[in-house]
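S.K.: fold the following and give me the result.
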Amino acid sequence: MKMNWKQLAIALGLFLLGYFTFNGKLFAQSAPPAPALEKTRIALAVGGKNLFYYLPLTIAEQLGYFKDEGLQVEISDFAGGAKALQAMIGGSADVVSGAYEHTINMQAKGQAITAFVLQGRAPQIVLGVSNKTMPNYKSIADLKGKKIGVTAPGSSTSIMASFVLAKGGLKPSDVSFVGVGAGAGAVAAFRSGQIDAMANLDPVISMLEQKNEMRVIADTRTLKDTQSVFGGPMPAATLYASDAFLKKNPHTTQALTNAMVRALKWIQQAGPSDIIKVVPESYQLGDRALYLAAFMKVREAMSPDGLFPAAGPATALKTLQTFEPDLAGKTFDLSKTYTNEFVLKADAKYK
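M.R.: Below is the predicted model of the structure:
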């Protein structure tokens, strides 16, 4: 049977859409099989999973997006991001849900770590002083010799606090950083006066603000505030792994990315009631209304698509070099600290 150009164009279009014709009847083609995963069981480390900073991870887990991709993800929750990084370096975790800055710090130590999906486009970290122990606070200089609570020394909260201190003329060694975690323990440490200031995230910060227990001196919960503090876009939570893992497990990495991008897109469409239904009750610190109010404060901090902004890595490097003299004279290849390769494929899948 001869076909004219119009019929040929229609047939080609149907074929590309996954259909073909036979004897005048339309049939669907079977979809090509998904590539086999190199590794289906993944050990993932995170520091402070209850925080909004890692909400996309929680959504992907709770809604079964990892399972839909054929993955069994076992999540270990640590007191802070630095501890999660240690788990991966030590070999007990394959992947980390943690701050982008760790990829730069590890490159400085000769270890190739690459972030492959962005969860947050603003750090959401807040530094505040105690109205109980520092009622007369006036400037950063007043923090000299004080105890500052962070999720864990070396974590993203410690990095943010160190940067704000440096801008105010203080070195990290001018204060004492105390690891207090990211939940009820952090609230208790602040309220009891064990620490004079704290760098932490929501819902912890909103709980202390609600009763006027904390005076905020630096805030990165919105894009505008992040720009004000860091002077540019600042990548926050990511999924990162060693280069060796990515090269050995590209299909598994793609599956992880697919699940996370799907979660990010779900968050963009979700309302407060949807969040409450999915997030474990224990994450809400006993106050559902406060939790929802805190979510609305940080919602824009969530990445809408998982892509790393072009100027973000340079902002992170500049931040670290401000207070870490060992990094000041070193040359970095920031292109090796992150990749958008997997996210671009995932975004195409979940348009």
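S.K.: pLDDT at residue 15, what is it?
M.R.: Looking at residue 15, its pLDDT is 52.
S.K.: I'd guessed residue 167 sits against residue 322; true?
M.R.: Yes: using CB atoms under 8 Å, residue 167 is in contact with residue 322, at 7.4 Å. Just so you know, the C-beta spots here come from the backbone N, C-alpha and C atoms, and that holds for glycine as well.
S.K.: okay, those two: which has more neighbours?
M.R.: Of the pair residue 167 and residue 322, residue 322 is the one with more neighbours under other CB atoms under 10 Å, namely 18 against 15.
S.K.: skipping adjacent residues, who's closest to that one in space?
M.R.: Nearest non-adjacent residue to residue 322, counting by CB to CB, 6 or more residues apart in numbering: residue 166, 4.8 Å away.
S.K.: secondary structure element for the one you found?
M.R.: helix 156-167 (DSSP states H and E).
S.K.: what residues are bridge-paired with the residue nearest the centre of the chain?
M.R.: Centroid-nearest residue in the chain, with CA atoms, centre = their mean: residue 237, separated by 1.7 Å. Under the criterion DSSP bridges, residue 237 forms beta bridges with residue 99.
S.K.: what separates it from residue 143, distance-wise?
M.R.: 26 Å (CB to CB, to the nearest Å).
S.K.: swap in residue 179?
M.R.: From residue 179 to residue 143 the distance is 17 Å (CB to CB).
S.K.: those two: which is more packed in?
M.R.: Each of residue 179 and residue 143 has its neighbours counted (other CB under 10 Å); residue 143 has more, 23 against 20.
S.K.: assess the claim that the more buried one and residue 195 are in contact.
M.R.: No: judged on CB under 8 Å, residue 143 makes no contact with residue 195 at a distance of 11.1 Å.
S.K.: is it true that residue 241 lies in a helix?
M.R.: No: assessed with DSSP: H, G, I helix; E, B strand; the rest coil, residue 241 is strand; it does not lie in a helix.
S.K.: show me the contacts for it.
M.R.: Residue 241 makes contacts with 88, 94-96, 113-114, 116, 253, as judged by CB atoms under 8 Å, 6 or more residues apart in numbering.
S.K.: pLDDT score assigned to it?
M.R.: Value for residue 241, per-residue pLDDT: 98.
S.K.: and it, how far from residue 303?
M.R.: 18 Å.
S.K.: next: residue 251.
M.R.: 23 Å.
S.K.: who's more crowded, those two?
M.R.: residue 303 (25 against 15).
S.K.: so the more buried one sits against residue 264, correct?
M.R.: Yes: contact criterion CB under 8 Å: residue 303 and residue 264 qualify, at 5.7 Å.
S.K.: which residues are in contact with each of these two?
M.R.: With CB under 8 Å, 6+ apart, residue 303 and residue 264 have common neighbours 56, 119.
S.K.: so which bits of the top helix by length along the chain are buried?
M.R.: Secondary structure of the chain per DSSP state H: the longest helix is helix 250-269. By neighbour count with 16 or more other CB atoms under 10 Å, helix 250-269 contains the buried residues 252-267.
S.K.: how many residues are close by the closest residue to residue 328 other than its chain neighbours?
M.R.: The spatial neighbour of residue 328 that comes closest, neighbours along the chain excluded (CB to CB, 6+ apart), is residue 321 at 5.0 Å. Residues lying near residue 321 (other CB under 10 Å) number 17.
S.K.: so for residue 321, what's the pLDDT?
M.R.: We have a pLDDT of 96 for residue 321.
S.K.: now swap in the one 4 residues further on and tell me
M.R.: Reported pLDDT at residue 325 in the predicted model: 89.
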